[in-house]
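1. Mind looking at a prediction? Sequence and model below.
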Amino acid sequence: MTPPSRLAVLSIKLAQYRSYDLCTIETGGAPVVLHGPNGAGKTNILEAVSMLTPGRGLRRAGAEEVIRRPGGTGWRVRAEVDTPAGVIEIATGVAGPDTTRRSVEIDGKSATQTALGRHVRMVWLTPAMDRLWLDPAAGRRRFLDRIALGFEPDHAEVSLTYEKAMRARNRLLREPGWDDAWLAGLEAQMARAGARIARTRSASLIRLIEAQNDIEIGVKTLFPRAELSILGDMESRFSQALRAAADLDQLEVEEAALLSRALGASRARDAAAGRTLEGPHRSDLEAVFAAKNMPAAACSTGEQKALLISLCLANARALTAATGAAPILLLDEVAAHLDTARRLALFGEIEALGAQAWMTGTGAELFEGLGTGAIRLSVTESDGRSAVAVN
Ligand SMILES: Nc1ncnc2c1ncn2[C@@H]1O[C@H](COP(=O)(O)OP(=O)(O)OP(=O)(O)O)[C@@H](O)[C@H]1O
Ligand SMILES: [Mg+2]
């Protein structure tokens, strides 16, 4: 039997990246464990790996923010990544006068972030996500959109089109004596992009729901299932249509027309509010702890963490099914929150997926039971400089 296909960072080199002057990690495709004291530079490595996907990485940092301080003028991350289509070299970073936008090169040629998304898929979990179910809806929308982006690399660009058109519309509505034709054009753009966003979100969520149902019996109780739904009119109709195997292209046209009309009719209301009150930018993701029928926000801290891990694993399984390759997993401080049984179950799940996981924790003992194949690196910091050593 051929081993399952997967994505893996074979080697990565950081230059002038946050606390690193220079750092090279060779993995050969094996899972990586980074352990060391607080502030040593573990998450910085995970973040650098996350820069191999489109967007602002797992801390949502601006391109300038990660430049080595003090004294850095740019940064660079270069990696060899094993993909089903062969090994590719990705380089990204900022240099020169414009440090606000990072450039991307794939195999030495300038590429877009969307192109990057077609090659590399990652699923990550960080301590910052612990408040996902408690914080405002924007964080959950981002979480959902990140999932959607894994299945549909164009999703980010479509979302950007929507946001830009909406900002332009909001600006125009603030001015006295609107230009109706100009507004209608922007609304049509928002409507087309909005319908596509809703469709991609709904389709992605259904994949995730299906992947949750594949959880093996033994693991099921340790990483609980969530009943997921999107709170959004358009997404609800797409979800219904998906379940009924209806014509989605047709629905997308209808939904765009509907939103366009709704926006046209709500100009005065939106002008008074100073923002657009309707559309997929107002949607939310809802999760209910299935076994207890308890909304995620009302679950205990440990239960919420378990739900998130469960969703990330389901996302990884769904991506494997959809793309034929297991995504790379970045799990920041996940092991520390789990009791021994859950930790071993997590390691078992990762192994079953065949995914390359990058994991951090303050102590090496958290990763006992992970198997001997993992690369174990100790991370230390002195005088504001981080260093990584094999041990
Ligand atoms: N732009 C930057 N330039 C230089 N150093 C930076 C920059 N941004 C952050 N740092 C430093 O990087 C250090 C390591 O951060 P990191 O988050 O990777 O630590 P960690 O090992 O994950 O710690 P913890 O266990 O607390 O999560 C911090 O001390 C921080 O001051
Ligand atoms: Mg950290």
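-> Perfect, I can see it now. Ligands and ions are numbered 1, 2, ... in the order given.

2. From Thr114, how far out is the closest residue to ligand 2 within the stretch 1-150 of the chain?
-> Nearest residue of the stretch 1-150 of the chain to ligand 2, counting by C-beta to the ion: Thr43, 3.2 Å away. Yep, even glycine has a C-beta here, placed from its N, CA and C like the rest. Thr43 sits 26 Å away from Thr114, taking C-beta to C-beta, to the nearest Å as the criterion.

3. in the stretch 51-200 of the chain, what residue is nearest ligand 1?
-> Arg69 (3.6 Å; C-beta to the nearest ligand atom).

4. where does that residue fall, phi/psi-wise?
-> Arg69 adopts backbone torsions of phi -120, psi 140, taken as degrees, to the nearest 10.

5. For it, report the pLDDT, please.
-> Looking at Arg69, its pLDDT is 96.

6. Model confidence for Ile215, exactly?
-> pLDDT recorded at Ile215 is 59.

7. next one: Thr372
-> Thr372 carries a pLDDT score of 86 in this model.

8. Phi and psi next, for the closest residue to ligand 2 within the stretch 151-300 of the chain.
-> Minimum separation of the stretch 151-300 of the chain from ligand 2 (C-beta to the ion) falls at Phe223, amounting to 22.4 Å. Per-residue torsions, Phe223: phi -120, psi 100 (degrees, to the nearest 10).

9. Using the three-state scheme, assign the residue lying closest to it once chain neighbours are set aside.
-> Nearest in space to Phe223, with sequence neighbours left out and distances taken as C-beta to C-beta, 6 or more residues apart in numbering, is Ser310 at 3.8 Å. Secondary structure assignment for Ser310 (DSSP: H, G, I helix; E, B strand; the rest coil): helix.

10. How about the contacts made by Ser310?
-> Going by C-beta atoms under 8 Å, 6 or more residues apart in numbering, Ser310 touches Gln212, Ile215, Phe223, Pro224, Arg225, Ala226.

11. per-residue pLDDT, it?
-> 92.

12. how close does it sit to ligand 1?
-> Counting by C-beta to the nearest ligand atom, to the nearest Å, the separation of Ser310 from ligand 1 is 23 Å.

13. for Asn391, same thing?
-> From Asn391 to ligand 1 the distance is 16 Å (C-beta to the nearest ligand atom).

14. ok, how many other residues are close to that residue?
-> 8 (other C-beta atoms under 10 Å).

15. Would you list the phi and psi of the closest residue to it other than its chain neighbours?
-> The shortest distance from Asn391 to any non-neighbouring residue, by C-beta to C-beta, 6+ apart, is to Ser378 (4.9 Å). Phi and psi for Ser378, reported as degrees, to the nearest 10, are phi -100, psi 140.

16. more crowded one of Thr43 and Thr114?
-> With neighbours defined as other C-beta under 10 Å, Thr43 and Thr114 compare such that Thr43 has more, 23 against 15.

17. Without its sequence neighbours, what residue ends up closest to the more buried one?
-> Using C-beta to C-beta, 6+ apart, the nearest residue to Thr43 is Asp332, at 5.5 Å.

18. what number of residues lie near the residue of the stretch 51-200 of the chain closest to ligand 1?
-> What Arg69 shows, counting by other C-beta under 10 Å, is a neighbour count of 11.

19. what separates it from Gly41, distance-wise?
-> 13 Å.

20. shared neighbours of those two, anything?
-> Joint contacts of Arg69 and Gly41 (C-beta under 8 Å, 6+ apart) do not exist.

21. can you give me the strands in the stretch 151-300 of the chain?
-> Using DSSP state E, counting those that start in this stretch, the strands of the stretch 151-300 of the chain run over 226-231, 284-289, 294-295.

22. Among these, show me which one is buried the most.
-> strand 284-289 (a mean of 20; mean count of other C-beta atoms under 10 Å).

23. Given that strand, what are its sheet partners and their directions?
-> The strands that strand 284-289 pairs with in its sheet are strand 226-231 (antiparallel), strand 294-295 (antiparallel) (by DSSP bridges).

24. Same list (those) but as CSV, adding mean pLDDT.
-> Rendered in CSV, the data for the strands paired with strand 284-289 read as follows (pLDDT from 0 to 100):
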stretch, mean pLDDT
strand 226-231, 96
strand 294-295, 96
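
25. who in this structure is up against ligand 2?
-> Neighbours of ligand 2 within the chain, by C-beta under 5 Å from the ion: Lys42, Thr43.

26. Tell me which residue is most central in the chain.
-> In the chain, the C-alpha nearest the mean C-alpha coordinate belongs to Arg146, at 3.7 Å (C-alpha atoms, centre = their mean).

27. ok, and the closest non-adjacent residue to that residue?
-> Distances taken as C-beta to C-beta, 6+ apart put Gly55 closest to Arg146, at 7.8 Å, once the chain neighbours are dropped.

28. So that neighbour, which state does it fall into?
-> Here Gly55 is recorded as coil under three-state DSSP.

29. I am finished for the moment; much appreciated.
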